[in-house]
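Colleague: Predicted structure and sequence below. I'll ask about it afterward.
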Amino acid sequence: MTILEALRLAMGGVVANRLRSGLTMLGILIGVAAVILLVGVGNGASAAVQQQIEALGSNLLIIFPANAKSGGIQQGFGTASTLTMDDVRALADRQAAPDVAAAIPSASGRLQVTFGNQNWNTSLTGTTQDFPSVRNYQVASGQFFTGADVGAASKVAVIGQTVVDSLFNGADPIGQVIKLNRQSFRVIGVFASKGGSGFNNQDDVVVTPITTAWNYLLGGRGRNVQQIYVAARSAQSTQVASDEVTQILLDRHHISDPAQADFQILSQQDILSSASQTTGILTLMLGAIAGISLVVGGIGIMNIMLVTVTERTREIGIRKAIGARRRDILTQFLIESMFLAGVGGALGILVGILAGRGLPALVSALPAPLISLPSVLMAFGISVGIGLFFGIYPANRAARLHPIEALRYE
Amino acid sequence: MIRLERLTKLYHMGDLEVPALRGIDLEVGDGEFIAIMGPSGSGKSTLMNLIGCLDQPTAGRYILDDVDVSGLTEDELAWIRNRKIGFVFQSFNLIPRATALHNVEMPLIYAGENQKRRDKALAALASVGLQERAQHMPSELSGGQQQRVAIARALVTDPSILLADEPTGNLDSESSLEIMRLLAELNQQGRTIVLITHEPDIARFAHRIVRLRDGLVVSDQPQAIAAGATETAP
Ligand SMILES: Nc1ncnc2c1ncn2[C@@H]1O[C@H](COP(=O)(O)OP(=O)(O)O)[C@@H](O)[C@H]1O
Ligand SMILES: [Mg+2]
């Protein structure tokens, strides 16, 4: 018996029980759609995070404070563990750190910004004049603050496009006075948009001199530097720069054993690989959860195929009497279950893609799902495979029926 | 040529052994038309299932065209059923959701015949006078017509033996005669026919009558063709 013949037979069986076949296909459809959509969401999130990290610049190092440890026991907070402005100045020393192009501090928090009767909740970063070059921000209009502003703790701010859109209603923000935590600040510059949306919007920022942030905005938490960003001279020199930074900070903090360091240095590569590991696990988990519904769909197919085989026992007897071999019967029922699963899977792919298109409109915080051709082909292959796997037992049961007993079945 | 030697069949019902055939010796030559008669439960259907290679004997030998069939595999038996034997059942056994034509085509599908399948099936339907009903479903046909479709299906692979187990059991007397005339005609064309019946009127068409009782052959007699059986029966 040819495959074409078997397909014709299978379609006959499916059409003869439209409702039942439809419901069975629905099980696979939902499973495949869920896999397509959730894996798409995982991949979308992963791409968004990756894009955000890549926007940091390939020559960037980020230094975080870490609590000093001694013999595995955490030392008290505040010994030599916090990063300071002096550390930043030391890193900018051309002699000691020839591969460091620039180093900036960062102290950040969230705050309320108002202009007229508009207000907006955004993130604040206090830093120094080298911020645009180190963090890869362009100033689209106006200008960035200077070293003099940092020295004088001027109440000036540079704002991102999202803040402009939220407050200014088309008016030119340069020179306007906004309120940050109810104190007046003059807007002296606006950043060019960096893109990104939802949880990774890099345009939703207000940047001031770090001294200003300490004095007026960060609520007396001291002259604390939360992170130091270091730009290496080039992407190739990040490792050397990282070694220089490590040596300078160990010396300054009087630590001889690098394992006891009270800071941690991450390069863009480190962040990228740990982030992609995390999003990879996320994608895998989403896929696995959706995969469970596919298995449930497969069990539905097995169930319906067992019913079909029982109902058609007599037909199987007739076919055997006129010369069907075991493998003819086996193929007939396997193709039928693969057909059910394959059509269900194809429709599921369609539904999954459409749902993926519609999802960002419904939940704007989610990154757009990324649905790739290989994942679509794989989903289709898996659904046909599920039809095969869950069809084997019923089809085998049909193939092994004894012709006489099958013919006598009422 | 069919030869049965001390053919025995036991059925197991739980612990109980039911002897359905207890040593049948029988020879049926090519082109014969024999009727197997006997009371209900005497083993007629069991015998026909064995002759038709649908089942295997418990003991004894079955030699079909010089081949000992008792030792063949399931697939080899399927091949024999497909090529050498045509079945006609009391309850027609057509597949309800296939057209008459598709039912007749079915043995050819399993024979691997793809090119001339449709032509052969149409020819078989024509030979039983049903070419106009090719696209009808079994449920749209009368009992006599359904049985003729079944005969067309039995003929389509051109087997040398036709086995009919009470083929007229579900038919009115007029359709019964039609079917029997058809079988007699097929016998005249050279096909071996083994007919099971308990109706003397039907057995008249055969040339030889074998009687069974309790799984044994109790008589085996030739029969002069009843006057007018093929042409002018009432
Ligand atoms: N599958 C079976 N299982 C158990 N006993 C059976 C089976 N088929 C037939 N028999 C028994 O074998 C005997 C012969 O049956 P059968 O060949 O159908 O007789 P007939 O066709 O002459 O009426 C009967 O006693 C019947 O009950
Ligand atoms: Mg019987």
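Modeller: Here it is on my side, so go on. Ligands and ions are numbered 1, 2, ... in the order given.
Colleague: Please read off the pLDDT at A:Phe199 from the model.
Modeller: pLDDT for A:Phe199: 56.
Colleague: Am I right that A:Ile178 is in a strand?
Modeller: Yes. Judged by DSSP: H, G, I helix; E, B strand; the rest coil, A:Ile178 forms part of a strand.
Colleague: A:Ile188 is in contact with A:Gln143, isn't it?
Modeller: Yes. Counting by Cβ atoms under 8 Å, A:Gln143 is a contact partner of A:Ile188 at 6.1 Å. (C-beta placed from N, C-alpha, C; glycine too.)
Colleague: Go through the strand or helix carrying B:Gly60 and flag the buried ones.
Modeller: Assessed by DSSP states H and E, B:Gly60 sits inside strand B:59-64. Buried residues in strand B:59-64, counted by 16 or more other Cβ atoms under 10 Å in any protein chain shown: B:Gly60, B:Tyr62, B:Leu64.
Colleague: Contact residues of chain B facing ligand 1?
Modeller: Selection of chain B residues close to ligand 1 by Cβ under 6 Å from any ligand atom yields B:Tyr11, B:Met13, B:Val18, B:Ala20, B:Gly38, B:Ser40, B:Gly41, B:Ser42, B:Gly43, B:Lys44, B:Ser45, B:Thr46.
Colleague: okay but the third one is in contact with B:Gly43, surely?
Modeller: What that stands for is B:Val18. No. B:Val18 is beyond contact range of B:Gly43, at 10.2 Å (criterion: Cβ under 8 Å).
Colleague: Tell me which of these two has more neighbours.
Modeller: Remark: of B:Val18 and B:Gly43, B:Gly43 carries more neighbours, 23 against 12, as counted by other Cβ atoms under 10 Å in any protein chain shown.
Colleague: Once you drop chain neighbours, what's closest to the residue of chain B found nearest chain A?
Modeller: As assessed by Cβ to the nearest Cβ, chain A sits closest to B:Asn82 within chain B, at 2.5 Å. Spatial nearest neighbour of B:Asn82, chain neighbours left out: A:Gly323 (2.5 Å); criterion: Cβ to Cβ, 6 or more residues apart in numbering or on different chains.
Colleague: and that neighbour, what helix or strand is that in?
Modeller: Using DSSP H and E, A:Gly323 falls outside every helix and strand.
Colleague: what sits against it?
Modeller: Counting by Cβ atoms under 8 Å, 6 or more residues apart in numbering or on different chains, A:Gly323 touches B:Ala78, B:Trp79, B:Arg81, B:Asn82, B:Arg83, B:Pro107, B:Tyr110, B:Ala111, B:Thr157.
Colleague: Would you convert those into JSON lines that also reports pLDDT?
Modeller: Output for the contacts of A:Gly323, formatted as JSON lines (pLDDT from 0 to 100):
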{"residue": "B:Ala78", "pLDDT": "95"}
{"residue": "B:Trp79", "pLDDT": "95"}
{"residue": "B:Arg81", "pLDDT": "96"}
{"residue": "B:Asn82", "pLDDT": "96"}
{"residue": "B:Arg83", "pLDDT": "95"}
{"residue": "B:Pro107", "pLDDT": "96"}
{"residue": "B:Tyr110", "pLDDT": "93"}
{"residue": "B:Ala111", "pLDDT": "93"}
{"residue": "B:Thr157", "pLDDT": "94"}
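Colleague: which of those residues has the most neighbours?
Modeller: The contacts of A:Gly323, ranked by neighbours (other Cβ under 10 Å): first place B:Pro107, 29 neighbours.
Colleague: for the contacts of A:Gly323, which one is nearest ligand 1?
Modeller: B:Arg81 (18.4 Å; Cβ to the nearest ligand atom).
Colleague: circling back: got the phi/psi numbers for the residue nearest to B:Asn82?
Modeller: phi 120, psi 10 (degrees, to the nearest 10).
Colleague: Sheet partners, orientation included, of the strand holding B:Gly60?
Modeller: When sheet partners are counted by DSSP bridges, strand B:59-64 sits next to strand B:2-13 (antiparallel), strand B:67-68 (antiparallel).
Colleague: Need the mean per-residue confidence for that strand.
Modeller: 95.
Colleague: Just give me how far that strand sits from the chain centre.
Modeller: Distance of strand B:59-64 from the chain centroid (Cα atoms, centre = their mean, to the nearest Å) equals 18 Å.
Colleague: Any chance you could list what contacts that strand?
Modeller: With Cβ under 8 Å, 6+ apart, strand B:59-64 has contacts from B:1-8, B:23-24, B:50-51, B:53, B:68-70, B:80, B:84.
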